[in-house]
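Visitor: Take a look and give me a structure for this.
(chains A and B)
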2 protein chains.
Amino acid sequence: MINTHYNLLVISTSTVHGSGYMDYIKPAVKDFLNGRELLFIPYARPSGISYNNYTETVKEALATIGVTVRGIHEYSNPKEAIEQAQAIFIGGGNTFLLLKTLYELGLVETLQATVAQGIPYMGSSAGSNLTGLTIGTTNDMPIVYPPSFNALQFLPFNINPHYLDPIEGSTHKGETRETRINEFHQFNSQTVIGLREGSWLHVTNGTITLEGTFTARIFRAHETPFEIESGILHENIYL
Amino acid sequence: MINTHYNLLVISTSTVHGSGYMDYIKPAVKDFLNGRELLFIPYARPSGISYNNYTETVKEALATIGVTVRGIHEYSNPKEAIEQAQAIFIGGGNTFLLLKTLYELGLVETLQATVAQGIPYMGSSAGSNLTGLTIGTTNDMPIVYPPSFNALQFLPFNINPHYLDPIEGSTHKGETRETRINEFHQFNSQTVIGLREGSWLHVTNGTITLEGTFTARIFRAHETPFEIESGILHENIYL
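Guide: Below is the predicted model:
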């Protein structure tokens, strides 16, 4: 059962090939936020960008759809900023850094409590990894050591964002994404949803809907992975 | 300064495209082991393979060059198996699982002490990640949570095995390897050596030599990455 208060937008990637930051997803974001101000959490720092520069990118992108954005670092008290937020967005970058920062600032429980009350939460890439049970299916490099891999756990499964099909004809011997997720399932039982770039999950009223242009790939422990089409995800897919 | 007792073979990948397990590196392995029996540590379990099956693969491959292999799981006391080993090989798989298992079995210090006495250590992929300071530049998925990211620390830098150049014309928005290592350097100061598949480091008499067919890519914090040719690595490259 998904908490019926949850309002989540779980986005695979902020940017798809050939267009600007969040361009492809702006209509969905506009609907989702419905006029609310957005608290942006830039802790994942893609390429080590500063909080200010990252937040500026988001402000500029979302200004075009009339969304007002404020960075959490602009507040003296980040806990209060979350508690008083109208809507929250955690952007992509490095998942280990993001989760470590949230634990260090004592914000994990605050986010859980706030989002459980129905405050809309939007995550992209690393911010989407956090909506699952653990960050155990992130694609990121473990550049820092977080005190736990447990994530925000809004959803009873794990997300693999930027899901990438095996590259045909590749001569590289590093593991494919599917091999990695298979290894994950040797030690973890939860379902993993591979979200391709251009897809997202929309969670509201206790239902999860796959939106965007692509099918998603479902990995269940010890079963053959399969594809699902856009639309409502039934519990027997992810539980 | 590298401990002059170290005898290390730090291999990017066990297998290159188009040939069998370890085929391309057998001549170097034969020279390196020089008739010694090999203790194999299969804890990284690629694709979740069993210790027995993984060890069997290594036994078969190295039998062709006359190397006798025994898996550490065949001993009742893994600590003693390491202490009494003539040479040690840690194979590839999942770096998080490998390091977690070593910590849980209390083998990290045993390996450090044994290898510091001059017992030859060979690592491939995940086993090569362990020769560096931390596993912070592994490519693997964090499928389990180790008690630390600190590795065996034979070498005063980090290894990135299976180093992969950015794929020209890729439309995928996940980070390139270079972007990931750049993020690592926002929070860590050690040099990272990107070892392409088909290359390895040979450490003996306190010197490190890049061997194999390819150049390696050197990432120093806050400097432009550069390539080095095969041959001896001078300290000013990695310190």
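
Visitor: Summarise which helices and strands the helix or strand of chain A with the lowest mean pLDDT is packed against.
Guide: Of all the helices and strands that make up chain A, the one with the lowest confidence by mean pLDDT, DSSP states H and E is helix A:177-184; it has a mean of 92. Contact analysis of helix A:177-184 by 3 or more CB pairs under 8 Å, 6 or more residues apart in numbering or on different chains; DSSP states H and E lists strand A:158-163, strand A:192-196, strand A:216-219 as its packing neighbours. For every residue, glycine as well, the C-beta is placed using N, CA and C.

Visitor: To chain B, which of these lies closest?
Guide: strand A:158-163 (4.0 Å; CB to the nearest CB).

Visitor: average model confidence for that closest one?
Guide: In this model, strand A:158-163 has an average pLDDT of 96.

Visitor: which of the residues in it are buried?
Guide: Along strand A:158-163, the positions that meet the burial threshold by neighbour count (16 or more other CB atoms under 10 Å in any protein chain shown) are A:158-163.

Visitor: mind putting those in JSON lines, distance to residue A:90 included?
Guide: Putting those into JSON lines (distance: CB to CB, whole Å) gives the following:
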{"residue": "A:158", "distance to residue A:90": "16"}
{"residue": "A:159", "distance to residue A:90": "12"}
{"residue": "A:160", "distance to residue A:90": "17"}
{"residue": "A:161", "distance to residue A:90": "12"}
{"residue": "A:162", "distance to residue A:90": "16"}
{"residue": "A:163", "distance to residue A:90": "19"}
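
Visitor: which among those residues are in contact with chain B?
Guide: Counting by CB under 8 Å from any CB of the partner chain, the subset of the buried residues of strand A:158-163 that neighbours chain B consists of residue A:162.

Visitor: Closest to residue A:194 out of the buried residues of strand A:158-163?
Guide: Lowest distance from residue A:194 to the buried residues of strand A:158-163 (CB to CB) belongs to residue A:163, with 3.3 Å.

Visitor: Report the contact partners of that closest one.
Guide: When contacts are counted by CB atoms under 8 Å, 6 or more residues apart in numbering or on different chains, residue A:163 touches A:12, A:177, A:194-197, A:216-217.

Visitor: So what's the residue count around the closest residue to it other than its chain neighbours?
Guide: Nearest non-adjacent residue to residue A:163, counting by CB to CB, 6 or more residues apart in numbering or on different chains: residue A:194, 3.3 Å away. For residue A:194, the neighbour count with other CB atoms under 10 Å in any protein chain shown is 25.

Visitor: about what we covered before: identify each buried residue in the least confident helix or strand of chain A, please.
Guide: Applying a neighbour-count criterion of 16+ other CB under 10 Å, one finds A:177-178, A:180-184 buried in helix A:177-184.

Visitor: Report the angle between it and strand A:158-163.
Guide: With axes from the mean of the first three to the mean of the last three CA atoms, to 10 degrees applied, the angle from helix A:177-184 to strand A:158-163 works out at 160 degrees.

Visitor: re earlier: out of the contacts of residue A:163, which one has the weakest pLDDT?
Guide: Among those, residue A:177 has the lowest pLDDT, at 91.

Visitor: Walk me through the regions of chain A where pLDDT falls short of the threshold, as ranges.
Guide: Screening chain A residue by residue with the criterion pLDDT under 70, one finds no matching range.

Visitor: Can you show me the helices along it?
Guide: For chain A, the helices defined by DSSP state H cover A:26-33, A:51-63, A:78-83, A:95-104, A:108-116, A:126-129, A:177-184, A:235-238.

Visitor: for these, which one ends up most surrounded?
Guide: Mean neighbours per residue, mean count of other CB atoms under 10 Å in any protein chain shown, is largest over the helices of chain A for helix A:126-129, with a mean of 29.

Visitor: want to try CSV for the helices of chain A, with distance to residue B:117 as columns?
Guide: Output for the helices of chain A, formatted as CSV (distance: least, CB to CB, whole Å):
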stretch, distance to residue B:117
helix A:26-33, 60
helix A:51-63, 48
helix A:78-83, 50
helix A:95-104, 35
helix A:108-116, 44
helix A:126-129, 42
helix A:177-184, 33
helix A:235-238, 51
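
Visitor: Out of the ones you listed, which is closest to residue B:236?
Guide: Nearest to residue B:236 among the helices of chain A is helix A:95-104; the distance by CB to CB comes to 29.7 Å.

Visitor: For the residue nearest to residue A:215 when sequence neighbours are not counted, which residues are in contact?
Guide: If you skip the residues right next to it in sequence, residue A:215 has residue A:227 as its closest partner in space, 4.2 Å away by CB to CB, 6+ apart. Residue A:227 makes contact with A:215-218 under the criterion CB under 8 Å, 6+ apart.

Visitor: ranking those residues by neighbours, who comes first?
Guide: residue A:216 (24 neighbours).

Visitor: Enumerate every residue touching residue A:162.
Guide: Applying CB under 8 Å, 6+ apart to residue A:162 gives the contacts A:12-13, A:125, A:139, A:195-197, B:172-174.

Visitor: redo that, cut-off 10 Å
Guide: By CB atoms under 10 Å, 6 or more residues apart in numbering or on different chains, the contact list for residue A:162 reads A:12-13, A:92, A:125, A:128, A:138-140, A:177, A:194-197, B:172-175.

Visitor: Would you quantify the distance from it to residue A:131?
Guide: Spatial separation of residue A:162 from residue A:131 under the definition CB to CB, to the nearest Å is 15 Å.

Visitor: One more: residue A:29?
Guide: In terms of CB to CB, residue A:29 sits 16 Å off from residue A:131.

Visitor: Check residue A:170 too.
Guide: Distance from residue A:170 to residue A:131, by CB to CB: 30 Å.

Visitor: rewinding a little: quick one: which of the helices of chain A is nearest residue B:202?
Guide: Sorting those by CB to CB, the top spot, which is the nearest, belongs to helix A:177-184 at 28.8 Å.

Visitor: just how off-centre is the closest one within its chain?
Guide: A distance of 19 Å separates the C-alpha centroid of helix A:177-184 from that of its chain, computed with CA atoms, centre = their mean, to the nearest Å.

Visitor: before we move on, what about stretch A:232-239?
Guide: The mean C-alpha position of stretch A:232-239 is separated from the chain mean by 18 Å, CA atoms, centre = their mean.

Visitor: So which residues make contact with that stretch?
Guide: Applying CB under 10 Å, 6+ apart, the external contacts of stretch A:232-239 come out as A:1-2, A:155-158, A:190-193, A:201-203, A:207-210, A:216, A:218, A:220, A:226, A:228.

Visitor: Stretch A:20-32 now?
Guide: A:7-9, A:11-19, A:38, A:57-58, A:60-62, A:64-67, A:87, A:89, A:91, A:120-122, A:124, A:197-200, A:202, A:204, A:211-213.
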